[in-house]
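[1] Show me how the following folds:
(one chain, ligands or ions: 1)
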Amino acid sequence: MTKEFKTLDDFLGTHFIYTYDNGWEYEWYAKNDHTVDYRIHGGMVAGRWVTDQEANIVMLVPGIYKIAWTEPTGTDVALDFVPNEGKLNGTIFFPKWVQDHPEITVTYQNEHIDVMEAAREKYDTYPKLVVPEFAKITYMGDAGQNNEDVISEAPYASLPDDIRAGKYFDANYKRINK
Ligand SMILES: C=Cc1ccc(O)cc1
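    Next up is the predicted model:
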């Protein structure tokens with residue numbers, strides 16, 4: 001995908017894969033102007049995936065986008081995308097319990113909201129683990145808004161490579177092997 005991002009509309013509906021400088025690999029989709037989906041392929045909570053997370057999504061200046069949200073786990077996230085430069089900066093604010101028990105969060109969160117809420121009550125919030133990192137974008141796809149095929153199954157090892165190789169979505173950005 002080689003478009004120049006200028007407006008908020010250029011950004012909404014875009015699907016990204018990127019690797020943070022600490023090695024953590026994430027896949028993230030701007031589903032619409034208030035919703036994000038993501039899958040985590042590498043790092044402390046690899047294997048976790050989430051759809052329909054409410055988020056605040058704005059364009060700061062042409063081509064630069066800020067997204068922020070708070071999760072049922074108590075984790076807060078702020079992302080600044082500069083897609084025309086192939087990069088972003090992300091800060092994740094993890095409650096202490098996620099650092100201590102990451103495995104509890106490694107699931108399809110949507111089906112286990114009660115588990116996240118119970119864990120955030122049971123375990124410690126502080127001190128938080130703050131992870132501020134730049135990331136390099138390794139894939140961008142124009143999935144269109146509200147495309148339920150983008151993040152629609154659990155992460156597996158070759159998934160990012162399959163997407164980058166063009167083996168995962170058809171010409172209409174629907175999953176090929178469904
Ligand atoms: C905790 C979620 C999360 C999703 C995307 C990203 O880049 C960082 C954190």
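
[2] and the residue lying closest to residue 91 once chain neighbours are set aside, how many neighbours?
    Take residue 91 and drop its neighbours on the chain: the residue closest to it by CB to CB, 6 or more residues apart in numbering is residue 132, 4.4 Å away. Glycine gets a C-beta too; all of them are placed from N, C-alpha and C. If you count neighbours by other CB atoms under 10 Å, residue 132 ends up with 12.

[3] Residue 132 against residue 89, yeah?
    Yes - at 7.3 Å, residue 132 counts as touching residue 89 under the criterion of CB atoms under 8 Å.

[4] got the CA positions of the longest helix along the chain in PDB?
    Counting by DSSP state H, the longest helix found in the chain is helix 113-122. Taking Å, rounded to 0.1, in the frame of the first residue of the first chain, the C-alpha atoms of helix 113-122 are listed here in PDB:
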ATOM      1  CA  ILE A 113     -14.400  -9.600  30.200                       C
ATOM      2  CA  ASP A 114     -15.500 -11.000  33.600                       C
ATOM      3  CA  VAL A 115     -12.100 -12.600  34.100                       C
ATOM      4  CA  MET A 116     -10.300  -9.300  33.400                       C
ATOM      5  CA  GLU A 117     -12.500  -7.400  35.800                       C
ATOM      6  CA  ALA A 118     -12.100 -10.000  38.500                       C
ATOM      7  CA  ALA A 119      -8.300 -10.000  38.100                       C
ATOM      8  CA  ARG A 120      -8.100  -6.200  38.200                       C
ATOM      9  CA  GLU A 121      -9.900  -6.200  41.600                       C
ATOM     10  CA  LYS A 122      -8.000  -9.100  43.000                       C
END
